[in-house]
Structure formats: structure tokens, C-alpha cells
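S.K.: fold the stuff below for me.
(one chain, ligands or ions: 1)
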Amino acid sequence: MDPANKAHRLAILLSGRGSNFLAIANSIREGRLPSAEIAVVISNVADAGGLQAAADLGLPHQLIVSKGRPRADHDAEVITCLQSHRVGLVCLAGYMRLLSPEFIAAFPNKIINIHPSLLPAFPGLEAQRQAFDYGVKVAGCTVHFVDEHLDHGPIILQRAIPVLESDDAHSLSQRILVEEHQAYTEAIARIVSGDYEIRGRRFVPCTKL
Ligand code: GAR
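M.R.: Now for the predicted structure:
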């Protein structure tokens, strides 16, 4: 991909504490994502810890409250914000909302999400608890492209961990989160490199990877 391409300008969309956002920010600061920068952090929730963290880091940040608004209206405002910051890649990081078709269409194959399960198992809320309660022996996380369905688009990468006898849902979530923080950086690096194709649902790395 052309280095001048705006795909390297990232937006982070979040609703909560923002640990995945901070992991991405750390990766950029420490040189693991040399051709990426965070153009803007957007939260739909006023008291999201991740929004405050963005402010503390001096990053452009924006609160666009979703509660009580039609999805299309809210998403239109988010799209305008993303375009004004010349964003090329939208990274959902604990952004607990489905995106409207208009949002998906505005950034085709340029919206990615992290989910704390090995999709297609356990989409939706509290995926780690769903997996633990189901009794799986292997859990993990998935980074995937976003489409209009919940936790559904083509998979970029997954990381798996064993479920230990000593685990409870909390400890399992904590260990998955460690994997998430590494997986998100790795997935962004692959997207930013441009060295991939999407064939149907398959994310296929090209020569350099
Ligand atoms: C993460 O575990 C992320 O995978 C999950 O929300 C958490 C956000 O944590 N996302 C989803 O469940 C999306 N369906 P963070 O705010 O510390 O990054």
C-alpha cells in the first residue's frame, strides 16, 4: 500500500476502559507499528475510561453520545468526524455497538474489530463467560473485518489459549486480554502493510508476510 495512503491514519472507537486502545497506542509509541498513527479516539459513552486516557495522552478525542439517538443519526456524526480526521482504518476496541449499513459502506473493508472469543463461537456480550460456562477447553480472541452482522466479518487472525482447570471466567478473561493486546497490533500491522487479499471470507496474506 502507498505509504501516503490515509489507511495509516487510525481511528479508535471505544465504549469502555480502553485497554486495547492503550495497547495500540503503546505499540505505535514503541515502534511496533511504524507506519500508523492514531488520528482520533471516539467514544459513544461519556465516562469511558478510554476517552480520558486519550485526553491524558494528548490524542485527538471526541465524545459522540449514542444513547437515546437513532443509530443512523449517531453514525452519520461519527462518519463526519472520521472523515474530518482523514481516517483510513477504523479500529473498534470495545465499541459495544452494531454499525449501520451506511457506516460500513463509508469505509469498505477498512473497519476492524477485536472480540474475546474464537469466532464464530460466542459472539455478543460476555464472550469469555459464555465460553467458560460452555466448558470449552480452548478459548481465545479474534480480530476481524466488520460487516453489518454481530462479530461476523472475515477473520484476520486468531490467538488461542488453553482453559486451565484453575480458571474461572475472570481469570480466563484476563488471560484472553493479554492475547488481545498482542493480536490487535499484529492485525493492524498486516492491514497497514497492504499485503493481503480478501477472497470471500478468507483473509489471505501475500508474499511479504
Ligand atoms: C475487550 O475484551 C474486547 O475484546 C471486547 O470488549 C473488551 C474491551 O476491553 N469486545 C467485544 O466484546 C466486542 N464484541 P478494553 O476496553 O479494555 O479494550
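
S.K.: show me which residues of this structure are close to the ligand?
M.R.: Residues of the chain lying near the ligand by C-beta under 6 Å from any ligand atom: 14, 16-20, 50, 93-94, 114-116, 127, 151, 177, 180. C-betas here are computed from N, CA, C, even on glycine.

S.K.: mark which of those are buried, thanks.
M.R.: 14, 16, 18-20, 50, 93-94, 114-116, 127, 151, 180 (16 or more other C-beta atoms under 10 Å).

S.K.: in strands only, show me these.
M.R.: Counted as lying in strands by DSSP state E, out of those, are 14, 114-115.

S.K.: minimum pLDDT in the buried ones among the residues of the chain next to the ligand, which residue is that?
M.R.: Least confident entry in these, by pLDDT: residue 151, with 95.

S.K.: ok, now which ones touch the closest residue to that residue other than its chain neighbours?
M.R.: Distances taken as C-beta to C-beta, 6 or more residues apart in numbering place residue 123 nearest to residue 151, at 3.7 Å, with adjacent residues excluded. When the contact criterion is C-beta atoms under 8 Å, 6 or more residues apart in numbering, the partners of residue 123 are 115, 117, 150-152.

S.K.: and the residue of the chain found nearest the ligand, how far from residue 154?
M.R.: Nearest residue of the chain to the ligand, counting by C-beta to the nearest ligand atom: residue 94, 2.6 Å away. Applying C-beta to C-beta, to the nearest Å, the value for residue 94 to residue 154 is 21 Å.

S.K.: now do the buried residues in whichever helix in the chain runs longest.
M.R.: Ranked by residue count and defined by DSSP state H, the top helix of the chain is helix 169-193. If you call a residue buried by 16+ other C-beta under 10 Å, then helix 169-193 has these buried ones: 172-173, 175-176, 179-181, 183-185, 187-192.

S.K.: which two among the residues you listed are spaced furthest apart?
M.R.: 172 and 192 (30.3 Å; C-beta to C-beta).
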